[in-house]
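S.K.: Here is a sequence with its predicted model. Questions after.
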Amino acid sequence: MEETKDSDLTQITKNVPVVQLGETVGYAVDLLSKKANKFDTIDYIYVVDKNNALRGVISIKTVIYADPEIKIEDLMDKDLITVLPHTSQRKVVYLALSNGLKAIPVVDEQKHFLGIFPYDDILHIFNQEYKKEIFSAGGISAKVGDEYTTIKSTAGVMIKSRLPWLILGVFGGTLAASVVSGFEEVLSKVLALAAFIPVLVYMSDAVGTQSEALIIRSIALEPKLPIRPYLIREFKIASALAIICGAIITLVAFIGWGNYVLGLIIGFSMFLSIIIAVLISTVLPLGFKKLHSDPAIATGPFATMISDIATLAIYFSVAILFLGYFRVI
């Protein structure tokens, strides 16, 4: 995904209701009644101390229905979710949507209140990021020349954005076909092997897509993502998924085709291909990030092509090994 420009002070809304600790609810209500039309947004009232450090926040609805004599700090929410001026916009959006907030307060390193990131900006950024994700996942470049691909883009722009990935897919598919062609002799002796090619390719693509989505989201939300613990965790997950899926397909092949060697070949191949697919889909985005490139480039057609070729190579290599060992060929 193309890195979104970080939020900065020009994007922070500063003209919002602010009261100091010690003020009453009545004071806050009076402030709203006199200046409501002058504020840019009035979803929340922000409570600061004498040093302008943010200490709490309270919703307008709570203030309106509260006793005017109550101190504002007795009602404010002290469990604050804040961001710094340089926090990525994607993280701001994630925090707002995951916590059901209409705005996110912006503070500096000393917790001084600087303003808010309002809801309309949050929705705008979310819409932009969602479109980028859709285009990237479909192998469509987010930008072609000086033009960004949008729903209103011309046919020429869309052709330019999609064609490179499709050409890459043609070469990848040709390479995959050559892998299959290289094992025609094996297929001719054990025709049932061909029936399981779609299953193996689908499973590697499916788990790969899941891993791609998770790692790209993690990179977006955690710029300092601990790589080693993440990779170890993903390997454990991949191993568990591979064992379960491999065991199931082994049983299905044995029951359906009555051939335990076929079952072992397919089961072991699925085990290896799932692990490899997860590693490819996890390592590629990390590699692109290391090269300061868009991690989303590794999604969709690119990672799928590599995973498909690897799956086919694993499948037929395992088949030759097992069939030779059990003297089937």
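M.R.: Nice, I can see it.
S.K.: per-residue confidence at residue 151?
M.R.: On pLDDT, residue 151 comes in at 56.
S.K.: How about residue 157?
M.R.: Residue 157 is given a pLDDT of 68.
S.K.: Now do the residue positioned nearest the centre of the chain against residue 123, distance only.
M.R.: Nearest residue to the geometric centre of the chain (Cα atoms, centre = their mean): residue 217, 2.7 Å. Separation of residue 217 from residue 123 (Cβ to Cβ, to the nearest Å) stands at 19 Å. Quick note: C-beta positions are derived from backbone N, CA and C, even for glycine.
S.K.: ditto for residue 60
M.R.: 19 Å.
S.K.: When these two are compared, which one has more neighbours?
M.R.: residue 60 (16 against 13; other Cβ atoms under 10 Å).
S.K.: what sits against that one?
M.R.: Neighbour list for residue 60: 32, 42-45 [criterion: Cβ atoms under 8 Å, 6 or more residues apart in numbering].
S.K.: Show me where this protein dips below the pLDDT cut-off.
M.R.: Along the chain, the parts satisfying pLDDT under 70 run over 1-10, 129-153, 157-158, 161-162, 165, 189, 221, 223, 292-300, 328-329.
S.K.: Just the helices from it, written as ranges.
M.R.: 25-35, 60-65, 89-99, 119-137, 155-181, 184-189, 192-195, 197-221, 227-257, 260-290, 301-325 (DSSP state H).
S.K.: Just put the ones you listed in JSON lines and tack on distance to residue 72.
M.R.: Formatted as JSON lines, those follow (distance: least, Cβ to Cβ, whole Å):
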{"stretch": "helix 25-35", "distance to residue 72": "6"}
{"stretch": "helix 60-65", "distance to residue 72": "8"}
{"stretch": "helix 89-99", "distance to residue 72": "22"}
{"stretch": "helix 119-137", "distance to residue 72": "23"}
{"stretch": "helix 155-181", "distance to residue 72": "52"}
{"stretch": "helix 184-189", "distance to residue 72": "76"}
{"stretch": "helix 192-195", "distance to residue 72": "71"}
{"stretch": "helix 197-221", "distance to residue 72": "33"}
{"stretch": "helix 227-257", "distance to residue 72": "43"}
{"stretch": "helix 260-290", "distance to residue 72": "44"}
{"stretch": "helix 301-325", "distance to residue 72": "53"}
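S.K.: Ok, which of the ones you listed comes nearest residue 111?
M.R.: helix 89-99 (16.5 Å; Cβ to Cβ).
S.K.: Run the chain-centre distance for the closest one.
M.R.: On the basis of Cα atoms, centre = their mean, to the nearest Å, helix 89-99 sits 13 Å off its chain's mean C-alpha point.
S.K.: Report the angle between that helix and helix 197-221.
M.R.: Counting by axes from the mean of the first three to the mean of the last three Cα atoms, to 10 degrees, helix 89-99 points 100 degrees away from the direction of helix 197-221.
S.K.: Show me what counts as buried in helix 89-99.
M.R.: 89-96 (16 or more other Cβ atoms under 10 Å).
S.K.: which other helices and strands contact it?
M.R.: strand 103-107, helix 119-137, helix 197-221 (3 or more Cβ pairs under 8 Å, 6 or more residues apart in numbering; DSSP states H and E).
S.K.: Residue 79 and residue 101, how far apart?
M.R.: From residue 79 to residue 101 the distance is 12 Å (Cβ to Cβ).
S.K.: Those two: which is more packed in?
M.R.: residue 101 (19 against 6).
S.K.: Show the backbone phi and psi for the more buried one.
M.R.: phi -100, psi 150 (degrees, to the nearest 10).
S.K.: can you pull the contacts of it?
M.R.: Neighbours of residue 101 in contact, by Cβ under 8 Å, 6+ apart: 81, 95.
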